[in-house]
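1. Sequence and predicted structure below; questions after.
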Amino acid sequence: IDKRTQNTYIFIDNEQLQPENQDNPLEGVKNSLQKIGITSLTNIIVPHCRLSYGCRIEGNQWSMVYSGDTGPSVELEQFGKGVDLVIHEATLEDGMEDDAGYKCHSTISQAIDAGKRMEAGVTVLTHFSQRYQRLPKIDHLGEEEEFCVAFDLMTCCLSDFKYVGRRLNKILKVVLREEEKEQVVAVEGAQEGKKKQKQKKEKKKKGGELQEETKQEEEPTT
């Protein structure tokens, strides 16, 4: 531990925060947690790489679950039952379930369905793959859906998430629609460029063959 932070932070092993642990490692920092409105902090192992955890945080009148990196997990859903907010990873778009399963991640629908089974007040999707320029394709951006999409530096009061989510989803519909148009134009442009390049090469090749034939015709025979 860096000596500069030795007396500033208290490091607690994740294993000590699991619900079955009888000893409360947070007892020593209980007052500090209460100052920021936290009454309980527990975690659970989730299906990802070794020592991956999802956590549940509770306050006096609120509760939330953060999934961390994870594939679909019945244990996590039970752990998060009835929370006000679930922040769930949604690495890949729908249709890539096999790829997500192989890498122990979740798709958009898997994350949304997990939030529904938890009976969460609202589900926030995050941790999108870098393969997407902005966001993966989302087919669930209807006003009736109790979820929203997170973005860098997003700050929102818990009570406002539903309100913000529904309006943000409307904006994202427009953004994603325009992005799809841009991608189509870019793909068509790239295809047209390749086609012209191929035609140019073929024309150049034919021109070279024609010059060779003309040269052979002009050469005197012995």
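-> Right, received. Where do you want to start?

2. Does residue 124 fall in a helix, a strand, or a coil region?
-> strand (DSSP: H, G, I helix; E, B strand; the rest coil).

3. scratch that, residue 41 is what I was asking about
-> Assigned by three-state DSSP, the conformation of residue 41 is strand.

4. Tally up the residues packed near it, please.
-> 16 (other Cβ atoms under 10 Å). From N, CA and C alone the C-beta is placed, and that goes for glycine too.

5. In which helix or strand does the residue lying closest to it once chain neighbours are set aside reside?
-> In this structure, residue 41 finds its nearest non-sequential neighbour in residue 57, 5.5 Å apart by Cβ to Cβ, 6 or more residues apart in numbering. Assigned by DSSP states H and E, residue 57 belongs to strand 53-58.

6. Which residues does that strand contact?
-> Residues outside strand 53-58 that contact it (Cβ atoms under 8 Å, 6 or more residues apart in numbering) are 14, 17, 38-46, 63-68, 70, 73, 76, 79-80, 83.

7. can you do 10 Å?
-> The contact list for strand 53-58 (Cβ atoms under 10 Å, 6 or more residues apart in numbering) reads 14-15, 17-19, 33, 37-48, 63-70, 73, 75-76, 79-81, 83-89.

8. circling back to that earlier point, from residue 172, how far out is the residue nearest to residue 41?
-> 27 Å (Cβ to Cβ, to the nearest Å).

9. Over to residue 38?
-> Taken as Cβ to Cβ, the span from residue 38 to residue 172 is 31 Å.

10. Residue 127 now?
-> Counting by Cβ to Cβ, the gap from residue 127 to residue 172 is 16 Å.

11. Counting neighbours, what do you get for residue 74?
-> Residue 74, neighbours per other Cβ under 10 Å, totals 10.

12. Look up how far residue 92 lies from it.
-> 20 Å.

13. Same check on residue 29?
-> For residue 29, the distance to residue 92 - Cβ to Cβ - is 37 Å.

14. who's more crowded, those two?
-> Neighbour comparison, residue 29 and residue 92: the larger count goes to residue 92, with 24 against 14 (by other Cβ under 10 Å).

15. so what's the more buried one up against?
-> Counting by Cβ under 10 Å, 6+ apart, residue 92 has contacts 98-101, 103, 105-108, 110-111, 128-129, 131-132, 136.

16. Tell me the strands beside the next helix or strand along the chain from the strand holding residue 57, with direction?
-> Counting by DSSP H and E, the element after strand 53-58 in chain order, helix or strand, is strand 63-66. Strand pairing for strand 63-66, using DSSP bridges, gives strand 53-58 (antiparallel), strand 85-89 (parallel).
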